[in-house]
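Chemist: could you look at this predicted model? Sequence included:
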Amino acid sequence: MGGAGTEVRSRRRTCRASGVNNTLQRFGGAFGIAVTAAVFTAHGQLDSPAGVVAGFRPALAVSALLSLLGAGAAVAAGRRGGAQPARRSGGVRATPVLTTAGPARGTAQ
C-alpha cells in the first residue's frame, strides 16, 4: 500500500516539473526573440540590404551566445542530478509496466 502514495507524489512532481520546464522554454524563446530584435534594431535598418546585414550580424551573434548559455545551463543542471529514477520501497528500481486490454499473446483464454 505504501507504494501507491509514493507513486502519486512522484506523478505530481513529474507533472509540476513538466509544467515548469514548458513555461521556462516558452519564456526563454520569447526572451531570445526580444533580445535579438532589440540588437537588430540598435545596429541595423530595413531600408537597404546593407542596413539589414549591419543589424543581422550582431543579432545572429547574440542569438548564438544565448543558445550557448542555454546549452551550458542545461548541462550544468544535468550534472547536478536533478532527475532521479523512481524507486520503490526496498531500494528496487520501479519498472514501467505495460497493460493491455486483453490477454497476453500466446496465453490461453
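Modeler: Yep, that arrived.
Chemist: give me the distance between the closest residue in space to residue 54 that isn't next to it in sequence and residue 25.
Modeler: With sequence-adjacent residues excluded and distances taken as C-beta to C-beta, 6 or more residues apart in numbering, residue 54 is closest to residue 44, at 4.5 Å. Just so you know, the C-beta spots here come from the backbone N, C-alpha and C atoms, and that holds for glycine as well. Counting by C-beta to C-beta, to the nearest Å, the gap from residue 44 to residue 25 is 28 Å.
Chemist: now swap in residue 16 and tell me
Modeler: Here the criterion is C-beta to C-beta. By it, residue 16 lies 15 Å from residue 25.
Chemist: next one: residue 49 from residue 56, what distance?
Modeler: 10 Å.
Chemist: what about these two, which has more around it?
Modeler: Counted by other C-beta atoms under 10 Å, residue 49 and residue 56 do not tie: residue 56 has more neighbours, with 15 against 8.
Chemist: show me the contacts for the more buried one.
Modeler: By C-beta atoms under 8 Å, 6 or more residues apart in numbering, the contact set of residue 56 is 40, 44.
Chemist: pull out the buried residues from the host helix or strand of it.
Modeler: Residue 56 is located in helix 49-79, with elements delineated by DSSP states H and E. For helix 49-79, burial by neighbour count (16 or more other C-beta atoms under 10 Å) applies to 55, 59, 62, 63.
Chemist: surely the second one meets residue 52?
Modeler: No. Counting by C-beta atoms under 8 Å, residue 59 does not reach residue 52; the two are 10.1 Å apart.
Chemist: between those two, which contacts overlap?
Modeler: Common neighbours of residue 59 and residue 52 (criterion: C-beta under 8 Å, 6+ apart): residue 44.
Chemist: follow-up on the earlier one: next, count neighbours for the residue nearest to residue 54.
Modeler: 19.
Chemist: surely it meets residue 52?
Modeler: Yes. Residue 44 is within contact range of residue 52, at 5.9 Å (criterion: C-beta under 8 Å).
Chemist: with that, I have no additional questions.
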